[in-house]
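generate a structure from the sequence data that follows.
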Amino acid sequence: MKIESLGPQTPERETRKAKTPSSAASIVAQTKKKMEQEGKVGSIAGTRAEHSMDARTGEPVLAAVFPRQGGREPHYVDLSFLLAFPNLQPMFVDAFLCWGATVSPQTRLNCRDYLRRYFFAYVKSNWSDFIHPVDIDDEMLAGFRDKLLNESGQRVKALHPHSVRTAMGVLRSTLGALNTGQWASVANRIAERIHSGSVGVARKTVPTRVLGLEQLLAILGAAEREVLAIEQRFANARVLMADGRARLHDTARIMNNTRSDYRNFSVCLAAVDEAYPELVPDVAVIKQRNPALGRAITHIHGQAVVTSHFYPSGRDLVPFVLLLTVATVFNPDTILSLNWRDIDFNKDQAGTPVIEIVGVKGRAVRDLARALYQDATVSSRLSLKQLLVCLREITTRIRAHLAPEHTDRLFVYVQQFGVKRPKGFGEDGERRCMTGSNDRVWGLGLMNFIKDNKLPPFTLGQLRPSILDMVQFMDGSLEAARKVGNHGSPATTWTHYTSGGVRARYRERIGQVIVMRERWLQTSGVIDPRRLAPGQDKGAATPGFSCLDPFDSPRPNQQPGKLCKDYGGCPSCANAAAHPGDPVNVAYYTALEVAIYRSQGAMSARTWIERWTPILADLAALRAWISSDVLEASREISIRLPNVG
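Below you'll find the model as predicted:
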């Protein structure tokens, strides 16, 4: 598409422009008006940029700070990547603070990620790190757009059109929101030059990548094995700790002064449980209180092994998430943010008790509800109820120590490294604000699950479209997949959740319908595939037969490449196959013979003899292949075929 020049303007255009507010100015005016109405003007004044040093690495840190209502901890957005661009940094920091004051924390993080991943990556790879805001001109912006359109991700495929539009829109809206300060006019000028809409971007052409049945079954098998192993581990932990308590308080151990010998694993577990009945602190804290116990954990048993018998890690939760995703067909963030209050174990459905799971999806017009039988299986050896009960039991110990927003979450864990603070996936109530699927702990856990089980790479987001794709494949219905996916429109299912294979099958089916309808019209309804049973060949011109190549008929007056229309001629065709063992098909053969004799009055005697007597002879020869019992069964079926012509 041709890009219009945005070079110097004539005085007449400058005068007209002065009278009409720019798009960026309009955005600012609308934003300011909205903030005044909602009482958010004060939030802009409270935003600020903070420079600090990372205590661990000693590297400089730049963060945008946004206050929150109710005296809660401010939201910090790390903008340290801007430090590499000293001349662009002031303008983009001011613009980000102004724009981010009125949006949600997650939107700020998404904007930051898009700026860093696309625009500043483009600047770094194609321009100088010391580029100045005034150097951002039409040439540079056009290059950025072209870069996006030809960008390839890690999987060596072009960026999704939505990503291209968002990357351009984020840059435009961020700079367009800056309405004060020395960089406001420059930022607005740049924002006006960024193309709006999807210039040069087509709709999604690459179907959603789905998992094959073999890979999906391998994932389910691996997840099942891990859940059963975890269930057994916690069952063994109860037995070990009971044995360890008996050993720990054995009179002989106390008298022999061997009570502090923690080489036995059950004794070590019991000692830890007795000293720390809720959360197990870091091993350094344990060593300060009980050096012998700390040394046994460090040098004999290992802290990760010990704590794994008390509560799960983020890695332990991966198989539970995968199996529950397959059972509910929920989106990744919906499944990772499920709460126990979203599950009803005794929901009555038409007199049958079921387990109802309700998931919340922010963009959906209604909640996603799944009602499954209580004994429904999520794998070959695991029921849904067993999976949920196990999950509840292994997380009970840490529930009292969760932050308020995670108290009721299904998936909660204690991190293996750093300060032991239980949490769920996603926002942790402090400086981080993210969705569950973007949580680093989840990402590492899934990566290790794939590695440990030697599986091909996949993401949690692929499970939902894979299952919807299989629903369409097995049911043959886009509507069935739409209902399972809880989509308001079948177009959503088709556009985002239908693989290339299913789309190809749909196209074949649509093409077949069109061709069949064309033949039906051209034969004035004589050849009507609607009368055929599902298992009968619709390609054959005569009911009861199958055709090896309906588009290349050797019969007279038929054209190559077009569907054969020689109704009645199949008994004498080299491409035809008969089914003498099927009573229904045999009934069609008898009906065809009757139709041929009935058609004598509609044509000359010579035509009927030359054209139809050979076919009657072939039908007679075919009758020799029909057994007496099949022939007798066919006589109970009444079929009337149209006259031949």
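
so how far is Arg247 from Glu274?
To Arg247, Glu274 is 12 Å away according to CB to CB, to the nearest Å. C-beta coordinates here come from the backbone N, C-alpha and C atoms, glycine included.

who has more neighbours out of those two?
A count of neighbours by other CB atoms under 10 Å puts Arg247 above the other of Glu274 and Arg247, at 17 against 13.

what residue ranges in this structure score low on pLDDT?
Counting by pLDDT under 70, the chain shows low-confidence ranges at 1-45, 139, 151-159, 195-208, 253-260, 361-367, 374, 417-419, 427-436, 468-538.

what residues are up against the spatially most central residue of it?
Nearest to the geometric centre of the chain sits Gly461, at 3.0 Å (CA atoms, centre = their mean). Gly461 makes contacts with 331-332, 437, as judged by CB atoms under 8 Å, 6 or more residues apart in numbering.

most neighbours out of these, which is it?
Going by other CB under 10 Å, Asn331 tops the contacts of Gly461 with 24 neighbours.

right, and that one touches Pro465 too?
No - if you go by CB atoms under 8 Å, Asn331 and Pro465 don't touch, sitting 10.2 Å apart.

follow-up on the earlier one: of the contacts of Gly461, closest to Gly302?
Gly302 has its nearest neighbour among the contacts of Gly461 in Ser437, at 29.9 Å by CB to CB.

next, work out how far apart the nearest residue to the closest one once chain neighbours are set aside and Arg464 are.
Nearest residue to Ser437 in three dimensions, chain neighbours excluded: Pro332, at 4.1 Å (CB to CB, 6 or more residues apart in numbering). Between Pro332 and Arg464 the distance is 8 Å, computed by CB to CB.

can you list residues touching both of these two?
In terms of CB under 8 Å, 6+ apart, Pro332 and Arg464 are both contacted by the residues Thr325.

for the chain, longest helix please?
The single longest helix within the chain, with elements called by DSSP state H, is helix 213-248.

pull out the buried residues from that one.
Buried residues in helix 213-248, counting neighbours by 16 or more other CB atoms under 10 Å, are found at 216, 218-220, 222-224, 226-228, 230-231, 233-234, 237, 240-241, 243-245, 247-248.

likewise stretch 116-131?
Of all the residues in stretch 116-131, those buried under the rule 16+ other CB under 10 Å are 118-120, 122-123, 131.

what's it in contact with?
So stretch 116-131 is in contact with 81-82, 84-88, 135, 140, 143-144, 147-148, 151, 167, 170-171, going by CB under 8 Å, 6+ apart.

quote the end-to-end distance of it.
Terminal residues of stretch 116-131 lie 16 Å apart, using CA to CA, to the nearest Å.

with stretch 271-288 instead?
Using CA to CA, the end-to-end distance of stretch 271-288 comes out at 15 Å.

now that stretch: how far from the chain's centre is it?
40 Å (CA atoms, centre = their mean, to the nearest Å).

where does the residue nearest to Ile357 when sequence neighbours are not counted land in three-state SS?
The spatial neighbour of Ile357 that comes closest, neighbours along the chain excluded (CB to CB, 6+ apart), is Arg370 at 4.8 Å. When classified by DSSP: H, G, I helix; E, B strand; the rest coil, Arg370 comes out as strand.

tell me the spacing between Arg370 and Val326.
Using CB to CB, Arg370 is found at 11 Å from Val326.

over to Met91?
Per CB to CB, Met91 is found 48 Å from Val326.

tell me which of these two has more neighbours.
Using other CB under 10 Å, the more surrounded residue of Met91 and Val326 is Met91, with 23 against 20.

element containing that one?
Taking DSSP states H and E as the criterion, Met91 maps to helix 89-100.

what's that helix packed up against?
In this structure, helix 89-100 makes packing contacts with strand 48-53, strand 60-66, helix 105-114, helix 161-176, helix 184-193, judged by 3 or more CB pairs under 8 Å, 6 or more residues apart in numbering; DSSP states H and E.

partner strands of the second one, with direction?
Read that as strand 60-66. Strand 60-66 sits in its sheet next to strand 48-53 (antiparallel), strand 75-78 (antiparallel), going by DSSP bridges.

distance between it and the chain's centre?
Chain-centre distance of strand 60-66: 32 Å, with CA atoms, centre = their mean.

can you tell me the element Ile357 falls in?
Once you assign secondary structure using DSSP H and E, Ile357 falls within strand 352-359.

what helices or strands is that strand leaning on?
So strand 352-359, by 3+ CB pairs under 8 Å, 6+ apart, packs with strand 343-349, strand 368-373, helix 384-395.

so for Ala296, which of these sits nearest?
Among these, helix 384-395 comes nearest to Ala296, with 23.8 Å by CB to CB.

so the closest one versus strand 343-349, what angle?
Here the directions of helix 384-395 and strand 343-349 differ by 160 degrees (axes from the mean of the first three to the mean of the last three CA atoms, to 10 degrees).

and the angle from helix 384-395 to helix 213-248?
If you take the same axes, to 10 degrees, helix 384-395 sits at 40 degrees to helix 213-248.

thinking again about what came up before, report the buried residues of the strand holding Ile357.
Buried residues in strand 352-359 (16+ other CB under 10 Å): 354-359.

stretch 320-336 too?
Using 16+ other CB under 10 Å as the test for burial, stretch 320-336 gives 320-336.

then stretch 564-577?
Neighbour counts over stretch 564-577 (16+ other CB under 10 Å) mark 564-573, 575-576 as buried.

from the chain's centre, how far out does it sit?
Averaging C-alpha positions (CA atoms, centre = their mean) puts stretch 564-577 48 Å from its chain's average.
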